[in-house]
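Trainee: sequence and predicted structure below; questions after.
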Amino acid sequence: MTTMTTQPVTARTIPRVTPTLTDQRTPRPRWTGRRTAQTGASLAVLVVLLLLVLPAMTGASWQSTLHAVGSVPLWQLAALTGLWLVGLWAYSFVLAASLPGLTKGQGFVLNLVGSGVSNLVPFGGAAGVGITWAMARQYGFTNGAIALFTAVTGIWNVLARLALPLVGLVGLLVVGARVSGPVLVAAGVGAAFCALVVGLLVAALANDAFASRLTAAVAGSVRSLARVIGRPATERLEGLEGLEDALATQRASAVELLRRGRGGLVVGMISYVVLQGVLMWGCLAVVGSELGWAEVTAAYACGRMLTTVVLTPGGTGFAETGTAAVLIALGGDPVVSVAGVLLFSFFTFACEIPGGALAYGWHLRTRGRRRSPEAIPTGVRLAAG
């Protein structure tokens, strides 16, 4: 597309949030043989990573690691649990800002349920989006509003995860941490790549001309891929004719929503990331680690990036191994580092599964007590064009 012909961005370019309290039935997913094989292979990879690879790479036996975790007093575990819950509540501000009309309590439930489902199966992100989409429909939001909500939160999560390695590297340089040459080079290359991607995303959101060129490039690539895959059927290409306009409209709507909700998005995401980092530091501290904030931040950034590996649920196994390896490379004790990382994963991965089940039970129980459409302030309703 040579020119971008989108109308001026106003509230009318964003889908209307007009709640209707009719329950939306979600079709039950079919459990096919292929999915069973994928799940079995994923669990096998997870077991190998945790039981064999993690001890081999770190030199920490499971017996010594479990002894270190078991020595943590109950009051410290309770304090860490409270910190974990406060972090989840902070993220509800991000969700509420991305879907005007959503309450903080609803955002808390959506986050916990979606995370719990995502942690159950490999490629669980799609399953998590599906369940939160169905729940948001039951809250009364339209498909258009939910699609925009999904896109904005996805962009915000990507920006946060890519910015973390930059913060970790800067922190290591500021405190003068002992970092070997190969580790420093690898960290520098990774941070440079993250900075490049962050720059592209920010430019695409902030600059109309750059966004137009990027949209045209993406649409052209999709059309070329459509010609390569199978027969270049005319109807297949005709279905992509409006792709550029659709991407441009979605981008304009996302920019307007980011502008309107930037306070909640920025404060909520920064608070959530900081609280998660403090949680990791606390998990390491209670098992005896003496590493500083810069080393913990660098390891935390590595772990968050590795959670995107889809071969296991939530990247489990990959995240723990990589995070522990970074901590040990930065001077951490092997047993203490592995124990702290596993304790952190207990909160951010394992606890989210029963927590998500409890949150979904609460969601079902309170369906009859949700706000009527009139109870949602008109100021937060975004009109559709």
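Mentor: Structure received.

Trainee: let me know the pLDDT of residue 308.
Mentor: As predicted, residue 308 sits at a pLDDT of 77.

Trainee: would you list every one of the strands in the stretch 1-150 of the chain?
Mentor: Counting by DSSP state E, counting those that start in this stretch, the stretch 1-150 of the chain forms no strands at all.

Trainee: ok, now the stretch 151-300 of the chain?
Mentor: Counting by DSSP E, counting those that start in this stretch, the stretch 151-300 of the chain contains no strands.

Trainee: so where's it shaky on pLDDT?
Mentor: Applying pLDDT under 70 to the stretch 151-300 of the chain flags the ranges 175-191, 194, 198, 201, 204-208, 211, 214-215, 218-263.

Trainee: kindly recompute the last result at 90.
Mentor: In the predicted model of the stretch 151-300 of the chain, residues 151-269, 290-295, 297-299 satisfy pLDDT under 90.

Trainee: show me where it has helices.
Mentor: 181-206, 208-228, 234-238, 243-260, 262-286, 293-306 (DSSP state H, counting those that start in this stretch).

Trainee: any buried residues in the last one, and which?
Mentor: Translated: helix 293-306. Buried residues in helix 293-306, defined by neighbour count with 16 or more other Cβ atoms under 10 Å: 294-306. Where you see a C-beta, it was placed from the backbone N, CA and C, and this is true even at glycine.

Trainee: which pair of these spans the longest distance?
Mentor: Pairwise distances across the buried residues of helix 293-306 peak at 19.2 Å for 294 and 306 (criterion: Cβ to Cβ).

Trainee: picking up where we left off before, want to throw the buried residues of helix 293-306 into TSV with distance to residue 174?
Mentor: TSV is the format used below for the buried residues of helix 293-306 (distance: Cβ to Cβ, whole Å):
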residue	distance to residue 174
294	7
295	12
296	14
297	11
298	12
299	16
300	16
301	15
302	18
303	21
304	20
305	21
306	24
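
Trainee: out of those, which is nearest to residue 120?
Mentor: Nearest to residue 120 among the buried residues of helix 293-306: residue 306, at 18.5 Å, using Cβ to Cβ.

Trainee: what residues does that closest one make contact with?
Mentor: 315, 318, 319, 322, 323 (Cβ atoms under 8 Å, 6 or more residues apart in numbering).

Trainee: over to residue 313?
Mentor: 42, 46, 118, 119, 120, 121, 122, 124.

Trainee: the second one: neighbour count?
Mentor: By other Cβ atoms under 10 Å, the residues close to residue 46 number 19.

Trainee: looking at it, it is touching residue 318, isn't it?
Mentor: No - with contacts counted by Cβ atoms under 8 Å, residue 46 stays clear of residue 318, the gap being 9.1 Å.

Trainee: overlap in contacts of the two?
Mentor: With contacts taken as Cβ under 8 Å, 6+ apart, residue 46 and residue 318 have residue 312 as neighbours in common.

Trainee: is residue 272 in contact with residue 94, as I believe?
Mentor: Yes - counting by Cβ under 8 Å, residue 272 does reach residue 94; the two are 6.9 Å apart.

Trainee: who has more neighbours, the two?
Mentor: Ranked by neighbour count (other Cβ under 10 Å), residue 272 and residue 94 place residue 94 first, with 26 against 22.

Trainee: and stretch 59-78, what's buried?
Mentor: Those buried within stretch 59-78 under the rule 16+ other Cβ under 10 Å are 60, 65, 68, 69, 72, 77.

Trainee: quick check, nearest of the residues you listed to residue 107?
Mentor: Closest to residue 107, out of all of the buried residues of stretch 59-78 and judged by Cβ to Cβ, is residue 77, at 26.1 Å.

Trainee: for the residue nearest to residue 299 when sequence neighbours are not counted, phi and psi?
Mentor: The shortest distance from residue 299 to any non-neighbouring residue, by Cβ to Cβ, 6 or more residues apart in numbering, is to residue 326 (4.2 Å). Residue 326 adopts backbone torsions of phi -70, psi -40, taken as degrees, to the nearest 10.

Trainee: give the contact list for residue 326.
Mentor: By Cβ under 8 Å, 6+ apart, the contact set of residue 326 is 298, 299, 302, 303.

Trainee: residue 316 and residue 43 touch, don't they?
Mentor: No - Residue 316 is beyond contact range of residue 43, at 10.2 Å (criterion: Cβ under 8 Å).

Trainee: more crowded one of the two?
Mentor: Between residue 316 and residue 43, counted using other Cβ under 10 Å, the more crowded position is residue 316 (23 against 14).

Trainee: how about residue 197: what's its closest non-neighbour residue?
Mentor: In space, residue 197 is closest to residue 162, 5.4 Å off (Cβ to Cβ, 6+ apart).

Trainee: what are the contacting residues of stretch 271-287?
Mentor: 68-69, 71-73, 76-77, 79-80, 83-84, 86-87, 90-91, 93-94, 160, 164, 291, 293, 296-297, 299-300, 303-304, 327, 332, 336-337, 339-341, 343-344, 347-348.
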